[in-house]
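**Student:** 3D, please:
(2 chains)
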Amino acid sequence: MRNPLSKKIVEIEPSGIRKFFDLVSEMKDAISLGVGEPDFDTPWRIREEGIYSLEKGRTFYTSNAGLQELRVEICKYLDRKIHVKYNPGTEALVTVGGSEAIDVALRCMLDPGDEVLIPQPSYVSYLPCAVMADGVPVVIPLQHENEFKLTVEELERYTSPKTKVLIMPFPNNPTGSIMTKEELEPVAEFIKEHDLYVLSDEIYSELTYNAAHVSIASLPGMRERTIVINGFSKGFAMTGWRLGYCCGPEAIIEQMIKLHQFAIMCAPTNSQYAAIQGLKNCDEEVQEMRKSYNQRRRFLMHEFSRMGLECFEPFGAFYVFPSIQEFNMTSEEFANRLLQEEKVAVVPGTAFGACGEGFLRISYAYSLENLKEALERIGRFIQRLRNER
Amino acid sequence: MDGLRSEILKYLEKNSRVDLAELGVLMGVDEVTVANEIADMEKKKIICGYHTLIDWDKAGVEAVTALIEVKVTPQRNQGFDRIAERIYNYEEVRSVYLISGGYDLLVTLEGKTLKEVSHFVSERLSTIQDVVSTATYFILKKYKDHGTIMVRGREEERILVTP
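**Tutor:** Just a heads-up that it's a prediction; the model follows:
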């Protein structure tokens, strides 16, 4: 019998998180700090709207690009938040989560051999999506001393004449790092100079703690070279609703709608109706969640400094990325031992790229009680490691 | 009100037992600042007390809560305040609100038995001069109280590790 599988697909490495997930699942009563989704329920106003739309029998396909009313609200929201205006009729697409938008955008923009710059550590799907789109992923290992922000020097080093797209993963999963307007400006200049396009994954844009999120699309001359990807999963606590969106130049969005139509048809109708409510009426709920995350973030930073664990202060998403380099072990060894000995699950930094070696991703999408217990165990564990030496 | 004060109040409203050092960490200021803010708000009666929300049913203690609508004739120069005072001074009265709409005061009352509550209404409340009428409703079940849902616990349903 012939091999039923495509070589390209088989050669893609499975997510490093998978292996760890299997380990954790076998461990009863482990405390997990490994989750990449909010602990809050979706605000009731949004859920209620979802229920109402079902009661009304709104169970049909929507237009491929998504409900017109939702696209209008998305564009208003982006104007309000990142100060970029998009035409809801031609420049917006509602997708099945931000992840579909990443996949479709890369497929629409890459020809075989085109290089995609992927700063790491970052979300696990950029690289495989680039490969599936026949692009050539080029990893930019971000540096701890820069707080894992992207610099022009790094861009210079990794850009070639074949480079076409840069992924901008900020606020960042797993490091929690954000980029300010001042830090984005030179990057934008470089992009224009080298005629690149940007895929700006802003799924955590609602979750910044020292200043409002700045989108690279809002910088002069960048709107026409940027696809902004966002969604409802993180800020609105709607992961399971599978709803994201992207906005960008009409020429790209038009092709994306075509692909999306063939592969997906449309995003879940029920989720779309619910999300309209979120954009219209949930500013306060979103803000309250952000405040809670911020309190927990401060708590974690305080605990780390108390136990002398090195960690730069991140101002975005709901992750901290402490360094474990002092213990002379790999992230994976550390995470495994922590799980075995203290039953706390954290994700090794290497799950987000090789340059995550020496770091852990710790999620604070957990109640404070939960975090306290986990941090006590981590404190005990590193004390033991220090005594061993 | 400034952001710090309102954030402290919102936190305390849900968890008044937090210790000051921890509250300082959560608010991103030092312990002394938090302590001063709270002391000042206590002095100004912005913070009026620290209470515990108890499910007496689960504690196995028999208790009856009643809501009583009270219609009164307001008094010259004193409006409703004088009558409200005569009602709220009773120990067993939990709250007294002046209400817009079909009646004037909403009183919540806690007693050990139905009999005790009805006794209070007929002997104490109805007999106050200027009380025109009362309507008493007994609470059968508390689903949510002080912003806390009383009837359900939640298990963690998220997958343990996700990217």
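**Student:** going forward, measure contacts between C-alpha atoms and count neighbours the same way
**Tutor:** Noted.
**Student:** helix or strand next in line after the lengthiest helix in chain A, which one?
**Tutor:** The longest helix of chain A (DSSP state H) is helix A:283-307. Proceeding N to C from helix A:283-307, the next assigned helix or strand is strand A:319-320, under DSSP states H and E.
**Student:** can you list contacts of that next one?
**Tutor:** The contact list for strand A:319-320, computed with C-alpha atoms under 8 Å, 6 or more residues apart in numbering or on different chains, reads A:173, A:174, A:175, A:176, A:297, A:311, A:313, A:314, A:361, A:362, A:363, A:364.
**Student:** packing partners for the longest helix of chain A?
**Tutor:** With contacts taken as 3 or more C-alpha pairs under 8 Å, 6 or more residues apart in numbering or on different chains; DSSP states H and E, helix A:283-307 sits against helix A:368-388, helix B:20-27.
**Student:** between it and helix A:368-388, how many degrees?
**Tutor:** Orientation of helix A:283-307 against helix A:368-388 (axes from the mean of the first three to the mean of the last three C-alpha atoms, to 10 degrees) gives an angle of 20 degrees.
**Student:** of the helices and strands packed on helix A:283-307, flag the one that's most buried.
**Tutor:** Using mean count of other C-alpha atoms under 10 Å in any protein chain shown, the stretch among the helices and strands packed on helix A:283-307 with the greatest mean number of neighbours is helix B:20-27 (a mean of 19).
**Student:** that helix near chain A at all?
**Tutor:** Yes - residues of helix B:20-27 contacting chain A under C-alpha under 8 Å from any C-alpha of the partner chain: B:22, B:25, B:26, B:27.
**Student:** if we can go back for a sec, including mean pLDDT and distance to residue A:58, could the helices and strands packed on helix A:283-307 go into CSV?
**Tutor:** Shown next, in CSV, are those (pLDDT from 0 to 100; distance: least, C-alpha to C-alpha, whole Å):
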stretch, mean pLDDT, distance to residue A:58
helix A:368-388, 96, 39
helix B:20-27, 97, 43
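**Student:** okay, now the unreliable bits of the stretch 251-389 of chain A?
**Tutor:** The model of the stretch 251-389 of chain A has no residue with pLDDT under 70.
**Student:** show me the strands in the chain, by range?
**Tutor:** If you meant another chain, say so; for now it's chain A. Remark: strands assigned in chain A by DSSP state E are A:31-32, A:92-95, A:115-120, A:136-141, A:163-168, A:197-201, A:226-231, A:244-247, A:319-320, A:344-345, A:347-348, A:360-363.
**Student:** nope, chain B please
**Tutor:** B:64-72, B:93-98, B:105-111, B:131-138, B:144-145, B:148-149.
**Student:** surely residue A:259 meets residue A:104?
**Tutor:** Yes - counting by C-alpha atoms under 8 Å, residue A:259 does reach residue A:104; the two are 6.8 Å apart.
**Student:** now the strands of chain B as a markdown table including distance to residue B:120?
**Tutor:** Formatted as a markdown table, the strands of chain B follow (distance: least, C-alpha to C-alpha, whole Å):
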| stretch | distance to residue B:120 |
| --- | --- |
| strand B:64-72 | 11 |
| strand B:93-98 | 10 |
| strand B:105-111 | 9 |
| strand B:131-138 | 11 |
| strand B:144-145 | 24 |
| strand B:148-149 | 29 |
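**Student:** for residue A:7, which of those is the nearest?
**Tutor:** Closest to residue A:7 of the strands of chain B is strand B:148-149 (C-alpha to C-alpha; 53.6 Å).
**Student:** can you list contacts of the closest one?
**Tutor:** For strand B:148-149, contacts defined as C-alpha under 8 Å, 6+ apart pick out residue B:143.
**Student:** so what strands line up beside it?
**Tutor:** Sheet pairing of strand B:148-149 (DSSP bridges) gives strand B:144-145 (antiparallel).
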